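[1] generate a structure from the sequence data that follows.
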Amino acid sequence: MTGTQTAGRRYGGRDAAQRQQERRTRLIQAGLDLFGTVGYTSVSVKQVCSHAGLTERYFYESFRDREDLLAGVYNELITTIQTETAQAAAATAPDVDAQLRAGLEVFIRTLAGDARMARVVLIEVVGASPRLEVRRREVLHEFAALIAAVVVAPLPDPEASSSRLTMTAMSLVGGVNELLVDWTLGHQNATVEELIDLCYTLFTAAYRAISDQP
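    Numbers count the residues shown, from 1 in each chain. As a prediction, the model looks like this:
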């Protein structure tokens, strides 16, 4: 049997690529479980592998090191959150208020509903490495762009409002992020509904302020 045939051999109906993807998924899940409870700095590659039920050989098949796994976990979570938030907002278009409410509802409930996810997204990636810090900043801008895309179309003069809108969207994203960090760390005792209501009030007030600009 040739090397190519061996690499493509199927076990249990799954080929080599599928099995590797399954192992990667198990490692991502283990990373979420451990980074989201014990914390990134307290978790070793060996612990991740033990939690996933895999040997270290399979860890390095998918990830360079522990930081690479954290990046993988973070990016998986962000993709899910962004997709679900955008879909929720789009489902209520073109009503801007309804889009803002729907997007915030999904975003906040998703993080508030899973302490592991909230810890990884809001806390563990902060300052973990220069690479992850760059990615974290990119994500903030991506969410700001999502907000801007929702509110820009109805504005009387989108081009004239562009700079103000960009800054406002970034301010709102940063504010929501820090509020959720505070809430995750136990410094706020608000209910999830109260968090959503507060953020919605801030977002709609900002939108109206921009809409009223000459």
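
[2] alpha carbons only for contacts and neighbour counts from here, please
    Noted.

[3] tell me the contacts of the residue nearest the centre of the chain?
    The C-alpha lying nearest the average C-alpha coordinate of the chain belongs to I78 (CA atoms, centre = their mean; 2.3 Å). Neighbour list for I78: V121, V139 [criterion: CA atoms under 8 Å, 6 or more residues apart in numbering].

[4] mind checking how far R26 is from Y60?
    R26 sits 13 Å away from Y60, going by CA to CA, to the nearest Å.

[5] more crowded one of the two?
    Neighbours were counted for R26 and for Y60 using other CA atoms under 10 Å; R26 has more, 19 against 14.

[6] which residues of this protein score low on pLDDT?
    In the predicted model of the chain, residues 1-13, 154-161, 213-214 satisfy pLDDT under 70.

[7] can you show me the strands along it?
    Assigned by DSSP state E, the chain shows no strands.

[8] quick one, longest helix in it?
    helix 158-184 (DSSP state H).

[9] how about the helices in this structure?
    In the chain, the helices defined using DSSP H lie at 3-7, 16-35, 45-52, 56-62, 66-90, 96-112, 115-119, 130-152, 158-184, 192-211.

[10] how's this protein carved up into domains?
    Structurally, the chain divides into domains by automatic domain parsing as follows: 10-63, 67-211.

[11] any figure for the gap between A93 and A102?
    Here the criterion is CA to CA. By it, A93 lies 10 Å from A102.

[12] just want to know which of these two has more residues nearby.
    Applying other CA under 10 Å to A93 and A102 shows that A102 carries more neighbours, namely 21 against 13.

[13] check which helices and strands the longest helix of the chain sits against.
    Other helices and strands packing on helix 158-184, by 3 or more CA pairs under 8 Å, 6 or more residues apart in numbering; DSSP states H and E, are helix 115-119, helix 130-152, helix 192-211.

[14] can you rerun that using 7 Å?
    Contact here means 3 or more CA pairs under 7 Å, 6 or more residues apart in numbering; DSSP states H and E; on that basis helix 158-184 packs against helix 130-152.

[15] check which helices and strands the helix it packs on is in contact with.
    Counting by 3+ CA pairs under 7 Å, 6+ apart, the packing neighbours recorded for helix 130-152 are helix 158-184.

[16] the helix it packs on vs helix 130-152, what angle?
    Helix 158-184 and helix 130-152 meet at an angle of 130 degrees, taking axes from the mean of the first three to the mean of the last three CA atoms, to 10 degrees as the criterion.

[17] off-centre distance for helix 158-184?
    The chain centroid and the centroid of helix 158-184 are separated by 16 Å under CA atoms, centre = their mean, to the nearest Å.
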